[in-house]
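A.B. asks: sequence first, predicted coordinates after that:
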Amino acid sequence: MIKDLVVHLEEKMSKSIKNLEAELATLKAGRANPTMLDRIEVEYYGSMVPISQVGSISAPEPRILMITPWEKSALKAIEKAINTSDLNINPNNDGSVIRLIIPELTEETRKNLVKVVNKKGEEAKIAIRNVRRDTIDKIKAMKKELSEDEIKKGEEDVQKKVDEYIKRVDKIVTDKEKEIMKV
């Protein structure tokens, strides 16, 4: 019974880790990375779709992203979506492709990005702690079926798993900080 709860706990914590990694991948760290565009949506035939569904995204050079739309009619919509996004990059539209030149990060921008990374890491830790609380509450609710020792052991197992995942979050955040601060 407790093992099922611990497995469920691990699944939820893994989702928190994957979510953190996905969010950090969309941050620009001075290098062109197609995942930077993952959260930008384009109005295409009346509905909002991710840029990756209206064209191919490549990084031909370390600081350039190139978007080649499947249809030339989508160029204006892609350009508009990028301009209204929080990327703060001006798209260069040459009539067949859109190029995004990723500027070098200033020291101040790097420090601000590190703050964002730390905030995202803290949000992931909070999500993990919330899962821990819910799981421990479920274990405590089984006091009629389990002995006090079994409940105590279950809580300790949960805490060990949570500590393990918190360390993973810390490592992910530290690695991303190093990547951002590397000039």
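C.D. replies: Thanks, I have it.
A.B. asks: Thr109 and Lys115, how far apart?
C.D. replies: Noted for Thr109: a distance of 11 Å to Lys115, by C-beta to C-beta, to the nearest Å. Quick note: C-beta positions are derived from backbone N, CA and C, even for glycine.
A.B. asks: with neighbour numbers in mind, choose between these two.
C.D. replies: Thr109 (15 against 10; other C-beta atoms under 10 Å).
A.B. asks: chain center to the host helix or strand of the more buried one: distance?
C.D. replies: Here Thr109 sits within helix 107-141, counting by DSSP states H and E. Mean-position distance between helix 107-141 and its chain equals 12 Å (C-alpha atoms, centre = their mean, to the nearest Å).
A.B. asks: mind giving me the packing neighbours of it?
C.D. replies: The contact analysis (3 or more C-beta pairs under 8 Å, 6 or more residues apart in numbering; DSSP states H and E) places helix 107-141 against helix 2-25, helix 148-181.
A.B. asks: buried stuff in it?
C.D. replies: 110, 113-114, 117, 120-121, 124-125, 127-128, 131-132, 135-136, 138-139 (16 or more other C-beta atoms under 10 Å).
A.B. asks: could you chop the protein up by domain?
C.D. replies: 2-25+106-181, 34-101 (automatic domain parsing).
A.B. asks: can you give me the first-to-last residue distance of the shortest one?
C.D. replies: Taking C-alpha to C-alpha, to the nearest Å, the span from the opening residue of domain 34-101 to its closing residue is 12 Å.
A.B. asks: so for stretch 163-177, what's the average pLDDT?
C.D. replies: Across stretch 163-177, pLDDT averages out at 94.
A.B. asks: which residues are contacting that stretch?
C.D. replies: Contact with stretch 163-177 is made by 13-14, 16-17, 20-21, 24, 27, 29, 114, 117-118, 120-121, 124-125, 128, as judged by C-beta atoms under 8 Å, 6 or more residues apart in numbering.
A.B. asks: let's see 6 Å
C.D. replies: Applying C-beta atoms under 6 Å, 6 or more residues apart in numbering, the external contacts of stretch 163-177 come out as Met13, Ile17, Leu24, Val114, Val117, Gly121, Ala124, Lys125, Ile128.
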